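Undergrad: Structure here, sequence nowhere to be found:
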């Protein structure tokens, strides 16, 4: 049968078109004569991945990206479909990671195989991941340097501020003074060291003697070890002897003495005996204090006015004359009580003078005398003296005539 030329032409055209389609597909990486499996991955971003990009496993191309489209849920996520050689099986937990394959940023899908014993089937969806792009990696590497640079600039700013403060005029002056003080301190240390060396050199013989004496003492102790052991043995024997002594009689005596002491203390605390009354009767204590006060007043009165208790001759033989003035007064004689005389000045407002009245101060021959009272009645001045004697046991009565100190005998004669 003869085939027409039109038939041959049609067959040629069909074959040519098939070869063209296969060639274009092959150039795109799709080998229609090679069996492959399709897998899907959902990404939130694909970082420049496009269709026909390679799918790599351990650096070897095993397939290519077939299609990229948005999910119909309007979430902005992308569904990437890629096909790989059906001889390559993907274990469960395998991750399809978008990475850069060169410095120009060409994106490919890198298969990171999982460790499971089960495998994904054709048209399964597997987990995906996106590697940081070059910009992010550079940013991550540069960010610590940026932070360190900021810290360095802050430190430099603080250092410059400190240097500015240090190198002003007052700071330089203070630094200069500080260095001078340091130099002086070092000089003093060197001088003290030199003096110490001189002391050590001058007392070298004494130090040697001390060391020799210490050596002799240690030698003596070493030679007396036997005596020390004997002493310790004697002490041990003494302690054993004390331990063997009968303790019961001694404790019985102590208990008996304690009971007697308790009886005595009980009697002292009670008021049915003399000792108890002496210790516990408050009235007796107050009476004794009152008796002591009265005796003190009586003695002071006898010392000041012995004429009340002793008799004297009516003839004046040059001795001191005592009279009972009985309130008599004279116009030009004043009596005062001399309290104390002191080489140092005492304030007239002192609490020592409290309750005595207005205090007068006189200075004579470097000594200060303090007087109280000013009356022409001898009876009044005696009463004031008795009051002053409670605080000043040496208080005496002095007399003044027309502002001048006179003898008390003369004043009493005039008063008499």
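TA: That came in fine, so what should we check first? All values derive from a computational prediction rather than experimental measurement.
Undergrad: Could you give the number of residues near residue 372?
TA: Neighbour count of residue 372, defined by other CB atoms under 10 Å: 22. In this view, the C-beta of every residue, glycine as well, is placed from N, C-alpha and C.
Undergrad: where exactly do the strands run in the stretch 101-250 of the chain?
TA: If DSSP state E, counting those that start in this stretch is used as the criterion, the strands of the stretch 101-250 of the chain fall at 107-112, 125-126, 128-130.
Undergrad: now the ones you listed as CSV including distance to residue 409, mean neighbour count and mean pLDDT?
TA: CSV is the format used below for those (distance: least, CB to CB, whole Å; neighbours: other CB atoms under 10 Å; pLDDT from 0 to 100):
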stretch, distance to residue 409, mean neighbour count, mean pLDDT
strand 107-112, 137, 21, 90
strand 125-126, 142, 16, 90
strand 128-130, 133, 15, 89
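Undergrad: Residue 221 is nearest to which of the ones you listed?
TA: With CB to CB, the closest approach to residue 221 among the strands of the stretch 101-250 of the chain belongs to strand 107-112: 85.0 Å.
Undergrad: ok, the closest one: who's next to it in the sheet?
TA: strand 54-57 (parallel), strand 95-100 (antiparallel) (DSSP bridges).
Undergrad: Could you report the pLDDT at residue 124?
TA: Among the per-residue scores, residue 124 holds a pLDDT of 90.
Undergrad: excluding its backbone neighbours, what's nearest it?
TA: Here the nearest residue to residue 124 in space, its sequence neighbours aside, is residue 39; by CB to CB, 6 or more residues apart in numbering that works out to 6.1 Å.
Undergrad: which SS class is that neighbour?
TA: The three-state label given to residue 39 by DSSP: H, G, I helix; E, B strand; the rest coil is strand.
Undergrad: which outside residues touch stretch 216-223?
TA: With CB atoms under 8 Å, 6 or more residues apart in numbering as the test, stretch 216-223 has contacts from residue 228.
Undergrad: quick one: buried residues of whatever helix or strand residue 259 lives in?
TA: Of the helices and strands defined by DSSP states H and E, residue 259 is found in helix 248-269. Neighbour-count burial for helix 248-269 flags no residue at all (criterion: 16 or more other CB atoms under 10 Å).
Undergrad: helices or strands up against that helix?
TA: In this structure, helix 248-269 makes packing contacts with helix 274-280, judged by 3 or more CB pairs under 8 Å, 6 or more residues apart in numbering; DSSP states H and E.
Undergrad: sorry, back to before: you'd agree the residue nearest to residue 124 is up against residue 90?
TA: Yes. Here residue 39 reaches residue 90: they are 6.8 Å apart, a contact under CB atoms under 8 Å.
Undergrad: quick one: average pLDDT of the helix holding residue 259?
TA: Averaging pLDDT residue by residue across helix 248-269 gives 82.
Undergrad: Adjust the sequence numbering to begin at 31 for everything that follows.
TA: Will do, 31 is the new start, and the previous item becomes helix 278-299.
Undergrad: starting at the chain centroid, how far to that helix?
TA: On the basis of CA atoms, centre = their mean, to the nearest Å, the separation between the geometric centre of helix 278-299 and that of its chain is 54 Å.
Undergrad: related to what we said a few turns ago, contacts only, for the residue nearest to residue 154.
TA: Under the criterion of CB under 8 Å, 6+ apart, the contact partners of residue 69 comprise 111-114, 120, 126, 150, 152-156.
Undergrad: Specify the beta-bridge partners of it.
TA: Under the criterion DSSP bridges, residue 69 forms beta bridges with residue 112.
Undergrad: Show the pLDDT at it.
TA: Residue 69 carries a pLDDT value of 92.
Undergrad: how near is it to residue 116?
TA: Counting by CB to CB, to the nearest Å, the gap between residue 69 and residue 116 amounts to 11 Å.
Undergrad: what is in contact with those two at once?
TA: With the criterion set as CB under 8 Å, 6+ apart, the overlap between the contacts of residue 69 and residue 116 is residue 152.
Undergrad: before we move on, back to that, buried ones among the contacts of residue 69?
TA: Burial by neighbour count, judged by 16+ other CB under 10 Å, picks out 111-114, 120, 126, 150, 156 from those.
Undergrad: picking that back up, nearest to residue 83, out of the contacts of residue 69: which one, please.
TA: Nearest to residue 83 among the contacts of residue 69, with distances taken as CB to CB, is residue 112, at 8.5 Å.
Undergrad: Touching, the closest one and residue 91? I think so.
TA: No. Taking contacts as CB under 8 Å, residue 112 lies outside contact range of residue 91: 11.4 Å.
Undergrad: what sits in contact with each of those two?
TA: When contacts are counted by CB under 8 Å, 6+ apart, residue 112 and residue 91 are jointly contacted by residue 85.
Undergrad: what's the weakest-modelled helix or strand in the chain?
TA: Counting by mean pLDDT, DSSP states H and E, the chain has its least confident helix or strand at helix 304-310, which shows a mean of 68.
Undergrad: do you know how far the residue nearest to residue 154 is from residue 131?
TA: Using CB to CB, which is the criterion applied here, residue 69 is 19 Å from residue 131.
Undergrad: Give the full set of residues in contact with residue 393.
TA: Residues near residue 393 by CB under 8 Å, 6+ apart: residue 399.
Undergrad: how about the nearest residue to residue 75 once chain neighbours are set aside, what does it touch?
TA: With CB to CB, 6+ apart as the criterion, residue 75 has its nearest non-adjacent residue at 6.2 Å, and that residue is residue 160. With contact set as CB under 8 Å, 6+ apart, residue 160 has these partners: 73-77, 127-128.
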